[in-house]
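K.L.:
sequence and predicted structure, then a few things I'm wondering about:
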There are 2 protein chains.
Amino acid sequence: MIDARLITLRVFARCGTIGATAELTGYSPSAVSAQLRELQRVLGMQLLTKDGRGVRLTATGRFLVAGSDPLIAQWESLRAAAMEAGEQVQAHFGIGGFSTAAAQLLAPLAATLRSTRPLLEVQVLEADPARCYDLLIAERIDLAVIVAMQSDAYGEDDPRFEQTVLLDDPLDVIIPANHPLASRTSVTLEELASEPWITESAGSTYHSLFTAAFTAVGVTPRIAHEAVEWETHIAFVGAGLGVGLLPRLAPLHDAENVVRLRITGKGKPVRRIVAAVRRGSIASPLIQESLGILQANADRILTARLETARLEGDQ
Amino acid sequence: MIDARLITLRVFARCGTIGATAELTGYSPSAVSAQLRELQRVLGMQLLTKDGRGVRLTATGRFLVAGSDPLIAQWESLRAAAMEAGEQVQAHFGIGGFSTAAAQLLAPLAATLRSTRPLLEVQVLEADPARCYDLLIAERIDLAVIVAMQSDAYGEDDPRFEQTVLLDDPLDVIIPANHPLASRTSVTLEELASEPWITESAGSTYHSLFTAAFTAVGVTPRIAHEAVEWETHIAFVGAGLGVGLLPRLAPLHDAENVVRLRITGKGKPVRRIVAAVRRGSIASPLIQESLGILQANADRILTARLETARLEGDQ
DNA sequence: GATAACCATGCAAAATAGTTGCATGATCGA
DNA sequence: TCGATCATGCAACTATTTTGCATGGTTATC
C-alpha cells in the first residue's frame, strides 16, 4: 500500500519525461503532471525542476526515490508474508516477458494458473526486457521473464528487483537442409567460420552474444544479412542465404528446409533467462508457485526440443 | 506516502470499532467501512470478520497491522531525511497535548513556529494522552506532548513511537494563605499528613502519583474532596477546604488566598512530561526545531514559576 | 422476554478528486 | 527559421469517495 503518486515518481525517475511516465503507468501526461504536483504539495518538497523543455528530478527528488527502494521492498515483503500466513488468494496477477518467453513460458504459465487458481485474473504483457523492468517498477506487472544481459542497467544486486535464473537457453545453429553439415547432430563454430551469417543488427540484444561466441574460438564471422525476428532468421536460412543462431527455446515450427544443430566445442553461446520480481515479493505464494511452473515448463520444453531436433542433450 | 486506507486500518486496529475509527480519522462510518472493504479487495486479503454487533481483525489483519509498524517508521525516517537533505519547508504541522501542556507549552510553540516559519500552517489539538497517541497513528498530528504514565499501554519501546523526555514537572503543595505553614518556602509531606487533602478521583491520571508519593513517606493522607480541573483544586484550597498538589507547570494565576510551596524530603511527586512522535520522524528538521523550542519554553516557565512562587529551585 | 441502545452496512445523492483532450508556451535540433 | 518535442494549464467529463439516512443484527437492561 504505497501511495500511487510515489510509484509514479519512481517511474518518472526511470523515464525522465512526463510523457514516457504516462505511457508506462497508463495515465495521461497531464494526469502524471498533476499527480507529481500534488505529491510535492502534500510532502512539502520540491521534487522537480524545469530543465530545458522537460523536467528533471531535484536532489531531494533523487534522494526520495533512492530511499523509497527499501520501502517498496519492505511492503512487498510484508504483503507476501501476509498472503502466506493468511492463505489468502490474490485477485490480479500481471506477468510480462519478451516475445519468445511470452509464447513459450508465459502462455503455459497463464494457462496453468487459470486452472489451479480459477479466481485469479492473469494478465500477460509482451514487452522488451528493459520495458519489463519499467513495468515492474510501475506495478503494472508482478513478474517478468527476461533475457539477462550484462549490458543492462539492472544488475543482479539492484535494490528494486530479485532475480532467479530459470534456465540457460543454449543457442543452436540453423542451416539449410541441403547443407553438407545438415546430417550432423552437432557442429563447432569453427566449422561454420566461412559461412555467410545471418544475425541481428549491431548493438541489438543478441549481437553481443553472437560476437562473444566467435571471439571465444578466435574467428570473425562474415555477416551477410540482418534480421530482427527469429521467424525472419529461419526464413533467410531456409532460402539458403546463410546460417544463423537460434535459441533452443525458439521454435523452428515445421520449416522443412532448415535444420537445427547443437553447437559443441568452445564458445557455446547461451542466453540466460531469468525471472525478475519486485524485491520482497519473492516469498509470495503466488510468485513461488509461478516460479515453479515456469521452471518445470522451461525444462520440459528444452528437453522436448532436443528430441524433435534429433539432438542428444548434454545438460 | 503510505496509502490512506492502510492508515485507516491501523487506526481501526487501535479503536476496534468502525465508528471510533471514523471519529478519529475524520471520515464518516460508512466511508471507513467502504475504505476497509476496498483495502481488502485490492490486497486480496480478508482482514475483518463479523464479531457480534461489530467487526474484528482477522489473523491476517493483525499480521498486516503489526508488520506495517516498521513500514510506517521507515517512511517517516525517509521523509525526515529528505526534508533535512533538501532543506525543504513543510506545509502543515499538527501538534497535540493535554490541557496544561496545550496552554503552557503548545501555544508558545505554535507562536514561535509562526514567526520562524511563516509559511507553516500549525494546528493545535487539545486531547488526552491516550487520544494523542491515537491521533499520531491516524496522522492527524505529528507531535504530542503528554504525561508519561507507566499505566499507559504505550511503553517507551513501542514500535510506533519515539518519546523524548521534555522535563520532570514537580508537584508543589498548595495551601490556604492563612495556613500556619504559608510563610514557609518548602514543606515535607509528613508535615501535611494530617491535613484534609483535595485530589482527583481514584483511578485518574494523577491519583497514582498522589498515593505513590505518600506511600514513599509512610503516611496515608485523608482525602477530603475530589476535583478534576486544576482550577477547581485551587478554588477549593482558596476556600479553605484543604490542601492539594499542583504541578509546577500549572499556573496559580492570581489566586491571592492560595500559596504554592515546594515539597522537600522523601517522596517528591513528579510528573514526567514527554514529547511523542511517530517513529522515524524524529530526525525531521521541523520536529527537531519544535523539540528544542518545547524544551526551552519548559525550562523558562519552570524557573519563572519558581520566582513568582517565592521558591528557590533546587533543579 | 421485550425494549432500547449500539454497531456495521447498504443505498442513493452529493461532493470531490482525478482524468482526458486539446491548446499553449517554451525549448532544442535541423 | 521551422518543425518537433515536452510540460502544463484549462474546461469538461468521469470515476471515486463521502455523506446521511435507513436497515438488520446483536448485546445489554429492565
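P.N.:
Looks like it arrived, so ask away.

K.L.:
in the stretch 201-315 of chain A, which spans are strands?
P.N.:
A:222-226, A:243-247, A:258-264, A:270-278 (DSSP state E, counting those that start in this stretch).

K.L.:
which residues in chain A form helices?
P.N.:
For chain A, the helices defined by DSSP state H cover A:4-15, A:18-25, A:29-43, A:59-86, A:99-101, A:107-116, A:129-137, A:207-217, A:230-238, A:285-308.

K.L.:
if you average pLDDT over each of those helices, which comes out lowest?
P.N.:
When the helices of chain A are compared on mean pLDDT, helix A:99-101 scores lowest, with a mean of 79.

K.L.:
helices and strands around that helix, which ones?
P.N.:
When contacts are defined as 3 or more Cβ pairs under 8 Å, 6 or more residues apart in numbering or on different chains; DSSP states H and E, helix A:99-101 packs onto strand A:143-147. For every residue, glycine as well, the C-beta is placed using N, CA and C.

K.L.:
in its sheet, what does the strand it packs on sit against?
P.N.:
The pairing partners recorded for strand A:143-147 under DSSP bridges are strand A:92-97 (parallel), strand A:270-278 (antiparallel).

K.L.:
who touches it?
P.N.:
A:93-98, A:101-102, A:105-106, A:127, A:129, A:132-133, A:135-136, A:166, A:205, A:271-277, A:287, A:290, A:294 (Cβ atoms under 8 Å, 6 or more residues apart in numbering or on different chains).

K.L.:
in CSV, list the strands of the stretch 201-315 of chain A along with mean neighbour count and distance to DNA strand D.
P.N.:
Shown next, in CSV, are the strands of the stretch 201-315 of chain A (neighbours: other Cβ atoms under 10 Å in any protein chain shown; distance: least, Cβ to the nearest atom of the strand, whole Å):
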stretch, mean neighbour count, distance to DNA strand D
strand A:222-226, 15, 25
strand A:243-247, 24, 33
strand A:258-264, 22, 39
strand A:270-278, 22, 22
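
K.L.:
quick one: mean pLDDT for stretch A:255-271?
P.N.:
For stretch A:255-271, the mean confidence score works out to 86.

K.L.:
A:Ser281 is in contact with A:Ile72, correct?
P.N.:
No. The pair A:Ile72 and A:Ser281 does not pass the contact test of Cβ atoms under 8 Å, sitting 9.4 Å apart.

K.L.:
contacts only, for A:Val219.
P.N.:
A:Val219 touches A:189-190, A:193, counting by Cβ under 8 Å, 6+ apart.

K.L.:
next, the buried residues of stretch A:15-26.
P.N.:
For stretch A:15-26, the neighbour count (16 or more other Cβ atoms under 10 Å in any protein chain shown) marks A:15, A:18, A:20-25 as buried.

K.L.:
return the member of those residues nearest to DNA strand C.
P.N.:
A:Ala22 (7.1 Å; Cβ to the nearest atom of the strand).

K.L.:
ok, that closest one - contacts?
P.N.:
A:28-29, A:31-32.

K.L.:
swap in A:Ala298?
P.N.:
Contacts of A:Ala298 by Cβ under 8 Å, 6+ apart are A:105, A:166-167, A:249, A:273.

K.L.:
just flag the most distant two among these.
P.N.:
A:Leu166 and A:Leu249 (10.2 Å; Cβ to Cβ).

K.L.:
give me the common contacts of the two.
P.N.:
Shared contacts of A:Leu166 and A:Leu249, defined by Cβ under 8 Å, 6+ apart, are found at A:105, A:273, A:298.

K.L.:
what sits against A:Leu119?
P.N.:
A:89, A:91.

K.L.:
if I look at it, how far off is A:Thr303?
P.N.:
A:Leu119 is 32 Å from A:Thr303, where distance means Cβ to Cβ, to the nearest Å.

K.L.:
residues from chain A in reach of chain B?
P.N.:
A:1-3, A:5-6, A:39, A:41-46, A:58-60, A:63-64, A:67-68, A:70-71, A:74-75, A:78-79, A:81-83, A:85-86, A:88-92 (Cβ under 8 Å from any Cβ of the partner chain).

K.L.:
narrow those residues to those that are buried.
P.N.:
The buried subset of these - by 16+ other Cβ under 10 Å - is A:1-3, A:5-6, A:39, A:43-45, A:58, A:60, A:63-64, A:67-68, A:70-71, A:74-75, A:78-79, A:81-83, A:85-86, A:88, A:90.

K.L.:
what residues are up against A:Ala13?
P.N.:
A:57, A:61-62, A:65.

K.L.:
quick check: the gap between it and A:Gly52.
P.N.:
A:Ala13 is 18 Å from A:Gly52, by Cβ to Cβ.

K.L.:
and if you look at A:Gly96?
P.N.:
32 Å.

K.L.:
any idea which residue of chain A is furthest from its center?
P.N.:
Most distant residue from the mean C-alpha position of chain A: A:Gly44, 37.8 Å away (Cα atoms, centre = their mean).

K.L.:
quick one: that residue and B:Gln88 touch, right?
P.N.:
Yes. Look at A:Gly44 against B:Gln88 with Cβ under 8 Å: they come within range, at 5.8 Å.

K.L.:
nearest to DNA strand C, out of the strands paired with strand A:143-147?
P.N.:
strand A:92-97 (17.1 Å).

K.L.:
in that closest one, what counts as buried?
P.N.:
So, applying 16+ other Cβ under 10 Å, buried residues of strand A:92-97: A:93-97.

K.L.:
got the domain ranges for chain A?
P.N.:
A:1-88, A:168-271 (automatic domain parsing).

K.L.:
can you lay out those as a markdown table showing distance to DNA strand C?
P.N.:
Compiled in a markdown table, these are given as follows (distance: least, Cβ to the nearest atom of the strand, whole Å):
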| stretch | distance to DNA strand C |
| --- | --- |
| domain A:1-88 | 3 |
| domain A:168-271 | 19 |
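
K.L.:
reformat those as TSV; add distance to B:Ala110.
P.N.:
Below are the domains of chain A laid out as TSV (distance: least, Cβ to Cβ, whole Å):
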stretch	distance to B:Ala110
domain A:1-88	18
domain A:168-271	60
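
K.L.:
of the ones you listed, which approaches B:Ser201 most closely?
P.N.:
Closest of those to B:Ser201 is domain A:1-88, at 42.6 Å (criterion: Cβ to Cβ).

K.L.:
any residue of the closest one touching DNA strand D?
P.N.:
Yes. Using Cβ under 7 Å from any atom of the strand, domain A:1-88 reaches DNA strand D at A:16-20, A:29-30, A:33, A:36-37, A:48, A:50, A:53-55.

K.L.:
can you give me the end-to-end distance of that domain?
P.N.:
17 Å (Cα to Cα, to the nearest Å).

K.L.:
next one: it to chain centre, how far?
P.N.:
Mean-position distance between domain A:1-88 and its chain equals 23 Å (Cα atoms, centre = their mean, to the nearest Å).

K.L.:
show me what the longest strand belonging to chain A pairs with in its sheet, parallel or antiparallel.
P.N.:
As assigned by DSSP state E, the longest strand anywhere in chain A is strand A:161-176. With DSSP bridges as the test, strand A:161-176 is paired with strand A:243-247 (antiparallel), strand A:258-264 (antiparallel), strand A:270-278 (antiparallel).

K.L.:
check contacts around A:Ser99.
P.N.:
Here A:Ser99 is in contact with A:126, A:229 (Cβ under 8 Å, 6+ apart).

K.L.:
mind doing that once more with 10 Å?
P.N.:
A:Ser99 sits next to A:106, A:126-128, A:229-231, A:250 when contact means Cβ atoms under 10 Å, 6 or more residues apart in numbering or on different chains.

K.L.:
same check, this time on A:Glu289
P.N.:
A:109, A:112-113, A:116-117.

K.L.:
how close does it get to DNA strand C?
P.N.:
In this view, A:Glu289 and DNA strand C are 30 Å apart by Cβ to the nearest atom of the strand, to the nearest Å.

K.L.:
and what of A:Pro118?
P.N.:
From A:Pro118 to DNA strand C the distance is 23 Å (Cβ to the nearest atom of the strand).

K.L.:
what is the burial count for that residue?
P.N.:
8 (other Cβ atoms under 10 Å in any protein chain shown).

K.L.:
show the model's pLDDT score for it.
P.N.:
pLDDT, read off for A:Pro118, is 87.

K.L.:
thanks a lot, catch you later.
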